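A.B. asks: got a predicted structure here, sequence first:
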Amino acid sequence: MLLRKQESYIETFYAKLQFNPSGMGYESRITVYWSIFSYATIGILGREMSTGELVPTVEMRRPTGGIGKIEEPQTRIAGNDNSSATLEIAGEVELG
């Protein structure tokens, strides 16, 4: 019997997240775990602007390939009012 370590894995996933944060720091996330050391996450959270307005914001974190090291969050504003934000994810994920 010949055993070989799996070096890469490609998977397609789809998720839809709708969330209306009602307070600063409230958030909802989708997380994909490849192992206890490697994961990617994307979510919608409430962020307060300099004007005091609460805005739904999308935040993403990705693995860097190093143990315990996560890429700094990438953030973009999902909207400029207090309506709910919807986030749809569809795509390939490659671990390698």
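C.D. replies: Ah, there it is. Numbers count the residues shown, from 1 in each chain.

A.B. asks: same question for stretch 63-79, mean pLDDT?
C.D. replies: Stretch 63-79 comes out with an average pLDDT of 66.

A.B. asks: pairing partners for the one helix or strand residue 44 maps to, with directions?
C.D. replies: In this structure, residue 44 is located in strand 38-48 according to DSSP states H and E. In the sheet containing strand 38-48, the strands it pairs with under DSSP bridges are strand 27-35 (antiparallel), strand 54-61 (antiparallel).

A.B. asks: now that strand: mean pLDDT?
C.D. replies: pLDDT averaged over strand 38-48 equals 82, rounded to a whole number.

A.B. asks: what about residue 24, is that helix, strand or coil?
C.D. replies: In the three-state summary, residue 24 is assigned as coil, counting by DSSP: H, G, I helix; E, B strand; the rest coil.

A.B. asks: that one: how many residues sit nearby?
C.D. replies: For residue 24, the number of neighbouring residues by other CB atoms under 10 Å comes to 10. Every residue, glycine included, has its C-beta placed from N, CA and C.

A.B. asks: spit out the contact partners of it.
C.D. replies: If a contact means CB atoms under 8 Å, 6 or more residues apart in numbering, then residue 24 has 46, 47, 48, 54 as its contacts.

A.B. asks: give me the beta-bridge partners of the last one?
C.D. replies: Just to be clear, that refers to residue 54. Beta-bridge partners of residue 54, counted by DSSP bridges, are residue 48.

A.B. asks: thought residue 23 was touching it, still the case?
C.D. replies: Yes. Using CB atoms under 8 Å, residue 54 is in contact with residue 23, at 7.3 Å.

A.B. asks: okay, the two: which has more neighbours?
C.D. replies: More neighbours surround residue 54 than the other of residue 54 and residue 23, with 17 against 8 (other CB under 10 Å).
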